[in-house]
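Undergrad: Pasting the sequence and the predicted coordinates here, then a few questions.
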Amino acid sequence: MFPFCFEWAWDISHIVFMGGLWYALSIIGAGMTFAIVKSVFDCAGHDDQDHGHH
Amino acid sequence: MNETPLIPAGVKRCSKWQFSLWMAAATAVLLWGVYAMYLIWYKGLNQTNMNDAYGFALWIWADLAVIALGGGAFFSGFLTYIINKNELKNIINLAVVIGFICYSSALLILAIDVGQPLRAWFIFWHANVHSMLTEVAFCLSCYFAVLTIEFIPLILENPRLDKKPFLHHLSHNMHGIMAIFAATGVFLSFFHQGSLGGVAGVLYGRPFAFREHILIWPFTFFLFTWSAAAYGPCFTILVTKITELITRKKLVKDNVIHLFAKISGWMIITYIIAKTIDTIYWAFVTAPGFGFTLMDFYASSTYNIGLLFAEIVICGFIPGLILITKRGRENSFLLMSAIILGVIGVSLNRWVMVLQVMAVPVFSFNEWYTYMPSWQEVATTVLPVAYGIIVISLAHRYLPVFPQEKELNPID
Amino acid sequence: MSSTDQNQTVSPKAEPEAAPDPIHHGPETNDSPPAKSSGWAVFLFFMIGFAGSLLSGWILFPELLYSKKSQPIDFNHALHLDEVSDGCESCHYFRDDGSFSGMPDLGSCIDCHEEAQSDDPEEIKFVDEYVTPGIEVPWLNHSKQPDCVFFSHSAHVMGADMSCESCHGDIGTSEHTRVYEENKLTGYSRDIWGHSISRLGKPEAGTPRPMKMNDCAKCHEEETGHKGACFQCHK
Amino acid sequence: MKEKNDYKQAKRYGMVIDLDKCTGCGACMVGCYSENNVPFKADETNKLDSINWIRIFKITNDKPYPETETCYIPMPCMQCDGVGKHGHPPCVSVCPAVATDYDYDTGIISQIYTRCFGCRYCMAACPYHARKFNWWDPVWPADMEKYLNPKVSPRMRGVVEKCSFCFHRYQQARDKAYLEKREELAENEYQTACAEACPTGAITFGDLNNKNHAVYKLKNSPKAFRLLERLNTNPKVYYLTSKKWVRRAGDNYLTHEEPGKIKNNMKEHH
């Protein structure tokens, strides 16, 4: 799973397969981070405005 | 202080008493499964009736089946977010809840099924990228994360949770980027549904399972993805209909159901044609190359040729043809028959691709292997059903799962 | 998921004066501080947590993980090395079948130590507690490997011409035994993992090499071009 | 893992079992059990969940007396070279956690018990049923634990195990060769326990690539065949028989096909 694992090799199958995995994980991670951080700012920024209508 | 009610406004729900009774019944079944699960974890897989010839059995079937049936989630996500079939927004919530249930169940079953559950993380840490099972585990876990993310905003729409500003914003922001998650989910689903087919298709020591390849992917890879997309919606519609039956009210408008059914129908028809071609090629080219005739594979009284007929004709062409014709899908009896046949069909396909693979003797001097699950296996397989009923009941009671419910069932 | 608008009806701003708290750990109260000023508190909280986790990871956790043990007898390698004729191999030798004797048993010691030769308390203890009653010394093995591991001293020493020191460090010149730090979870010596927590860089000259699978693989890859098949080191 | 074959004389250890000599006595199984610490159950009547690294199949020609004939087929792990002899046997590439691999130096397929987490995919992949699952933790009768072979690591509940061609004996033989500064092993320095235990000399073991080893000649005999050869598993265990019906039983044939006259349906790459 990581380059320091015993089984890791920089060959085409590892690059394609693990590339796909890390790509997916990054999107999921970045997406959630974005949503959470933005929500924190939204809360802090407009105290009692309503956000349901964007 | 006046608390915001837990139940969404504008809809009617059964009494607390009635709901508790219903939940108690489901929980009782759940606990039976949990007890069996405990036995298996504590005492080991000797609690099952699997053996060295039948290393993959009921659980792997259950795993493949729930994942195929949960395919409605990724396919409706694809249709809604990527090709903008907006009507399906009225059913996608349920598809996501079903997907969440199916995938969490699949992961749980896998955790019960391995001999050393505490080492299950090896599949990630020490992954062998050439194994189809690795691809399954990776995509399954990632896609489960995606489904959880898709489920969260719906949970946050519960009136009491929605009152908290942070959760309100979070729900809103997650909605905003849902298309990205959905696209990732479709990508992941495509691969792991396929890999589950690949699991059987790459077994070149098992002539019943083995299929020729395109690059590294055996035909079953594509057939599994295709069939999950085709039959998954049938299960979503079936659960909708069951929920409507139990709650005694209409929850999704007919045009939504008919659209979903029509798409499902075309997917089934195209899938079953591809499956037929695959079967013919396998029966007349692949298998004879290994010294087998088609009938060698169906020479058992349990596993007879009727299975193949049932899978392709009764649960394939018939529901497909019903669903693609306007009169078929708009007739409620035919629609129900078609979706039930579809659900049976895909489950049957997964059964055959797991259990029959094990049963067919490869040596000319061996008998057919037989296997009967132990009660512990049955209980742990029923567990996800009880769990699913509980989650859907909770979701329906407390969350706005069906956006059209209020309009279809005005309170006054 | 399109029902946010409908929810407006059920989530009216019942308490408009309640400032939304960005982190929300409790029921909302009217006197919660304004969100903006809490930013520094959050940052401070985060930094304290970060420092705390670093400290516990680098200091506290290793303290908890390893229990310190001493060898049953404080053995003096340097003294013995002066006395014997054949270097390390006088006691740690190859058998004819290619297997390695490892730590010597009582039989190898008894030739000289049937009776104490000095008034060194460690030697007297050795003779009284082990030689006379005939009990093998329960030495603590810093290099002990699990059951599933096959290690060939023959391949490394004879095949690859490696010296003892290249793996075990300068143990031959030591006058006292080292403290044996036993991993409480696995039961193996801390030497196996290595003493650098980050495991970056090479161990100093004279100190033993870490001996986890990746350490074997690293050296094998450098020396032979590949990590080797499983059965090269497993049994 | 990447295949590497830097060694000029890579070995392919294999076995030739003469079915005309095998009496089905089971000495090979007993030898294997004690050599390899193979666990057994108190009640061994159900063969489908008992562990054995080599087991004996009994087949008959299904003819009435006096034409009845019986043949015993001892089956260890076939140590398949896989499709195209690339070292991709059915079981290796399917293992999700690299608990089993193909050793390009010897052609022997490993099984690492501490890595295996018991998904049993390799068992589903192996057409020879050579792989066995530890359904129970091994229980050794009183004192027997002291007689276990320290060269072979014991196994625990929930992992798969299989014949290793007594690989630990190869490791011991290599140790001795290193000590004596030799590169090559003599044929008799590395022999499996089953080959040594066989009272009729039906089992011959050696390097299939080495012209001086007995197996080299035997595998090229016209009587030689391999089990389920048509699946392209390329096993390294060969069988000898002079009986046509045994030869036919060793694989699957359509009614018009004749054993020995079938071309493999897949091209070999080398």
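TA: In hand now; what should we look at?

Undergrad: Near chain B, which residues of the stretch 101-250 of chain D are found?
TA: For the stretch 101-250 of chain D, the residues in contact with chain B (CB under 8 Å from any CB of the partner chain) are D:115-121, D:123-129, D:131-137, D:156-160, D:227-228, D:230-233, D:248-250. To be clear about C-beta, it is placed using only N, CA and C from the backbone, and glycine gets the same treatment.

Undergrad: Go again with 7 Å.
TA: Applying CB under 7 Å from any CB of the partner chain, one finds that the stretch 101-250 of chain D approaches chain B through D:115, D:117-121, D:123-127, D:129, D:132-133, D:135-136, D:157-159, D:228, D:230-233, D:249.

Undergrad: swap in chain A?
TA: Checking chain A against chain B by CB under 7 Å from any CB, the hits are A:1, A:5-7, A:13-14, A:17-18, A:21, A:24-25, A:27-28, A:31-32, A:34-36, A:38-39, A:42-43, A:51-52, A:54.

Undergrad: Now chain B against chain D: closest residue?
TA: Chain D sits closest to residue B:115 of chain B, with a gap of 2.0 Å, by CB to the nearest CB.

Undergrad: same check, this time on chain A
TA: For chain A, CB to the nearest CB, closest residue to chain D: residue A:7, 4.9 Å.

Undergrad: Also chain C?
TA: Closest residue of chain C to chain D, CB to the nearest CB: residue C:98 (3.2 Å).

Undergrad: Let me see the contact set for the residue nearest the centre of chain C.
TA: Nearest to the centroid of the C-alpha atoms of chain C, with distances taken as CA atoms, centre = their mean, sits residue C:190, at 2.5 Å. Neighbouring residues of residue C:190 by CB atoms under 7 Å, 6 or more residues apart in numbering or on different chains: C:66, C:181, C:183.

Undergrad: Could you report the distance from the first one to chain A?
TA: Read it as residue C:66. 23 Å (CB to the nearest CB, to the nearest Å).

Undergrad: Got the confidence number for the residue nearest to that residue when sequence neighbours are not counted?
TA: Nearest residue to residue C:66 in three dimensions, chain neighbours excluded: residue C:181, at 4.1 Å (CB to CB, 6 or more residues apart in numbering or on different chains). Residue C:181 is assigned 93 on the pLDDT scale.

Undergrad: mind checking the SS state of residue C:181?
TA: strand (DSSP: H, G, I helix; E, B strand; the rest coil).

Undergrad: Now do it against residue C:193, distance only.
TA: According to CB to CB, to the nearest Å, residue C:181 and residue C:193 sit 10 Å apart.

Undergrad: Please apply the same query to residue B:202.
TA: Distance from residue B:202 to residue C:193, by CB to CB: 38 Å.

Undergrad: who in chain C is up against chain D?
TA: C:94, C:97-99, C:147-148, C:150, C:152, C:154-155, C:158-159, C:225-226, C:229-231, C:234-235.

Undergrad: Could you confirm residue A:34 falls within a strand?
TA: No - counting by three-state DSSP, residue A:34 is not found in a strand; it is helix.

Undergrad: OK, contacts around it?
TA: residue B:177.

Undergrad: which SS class is residue C:71?
TA: What three-state DSSP gives for residue C:71 is coil.

Undergrad: Leaving out chain neighbours, which residue sits closest to it?
TA: Spatial nearest neighbour of residue C:71, chain neighbours left out: residue C:177 (4.1 Å); criterion: CB to CB, 6+ apart.

Undergrad: how about the one you found, what does it touch?
TA: Counting by CB under 7 Å, 6+ apart, residue C:177 touches C:70-71, C:74-75.

Undergrad: Just give me the neighbour total for residue B:296.
TA: Residues near residue B:296, counting by other CB atoms under 10 Å in any protein chain shown, number 18.

Undergrad: average pLDDT across stretch B:349-358?
TA: Per-residue pLDDT values over stretch B:349-358 give a mean of 95.

Undergrad: Also stretch C:52-67?
TA: Here stretch C:52-67 scores 90 as its mean pLDDT.

Undergrad: Any chance you could list what contacts it?
TA: C:181-185, C:190, C:197.

Undergrad: do stretch B:40-52 as well
TA: By CB under 7 Å, 6+ apart, stretch B:40-52 touches B:39, B:57, B:112, B:115, B:117, B:371-374, B:376-377, B:380, D:48-49, D:123, D:129, D:132-133, D:135-136, D:157-158.

Undergrad: Check those one by one and keep those near chain A.
TA: Within these, nothing lies near chain A by CB under 7 Å from any CB.

Undergrad: Filter the residues you listed down to the buried ones.
TA: With neighbours counted using 16 or more other CB atoms under 10 Å in any protein chain shown, the contacts of stretch B:40-52 contain these buried positions: B:39, B:57, B:112, B:115, B:117, B:371, B:373-374, B:376-377, B:380, D:49, D:123, D:129, D:132-133, D:135-136, D:157-158.

Undergrad: Mind checking which of those residues are in strands?
TA: Of the buried ones among the contacts of stretch B:40-52, the ones assigned to strands by DSSP state E are D:132-133.

Undergrad: so where do the helices sit in chain A?
TA: For chain A, the helices defined by DSSP state H cover A:12-45.
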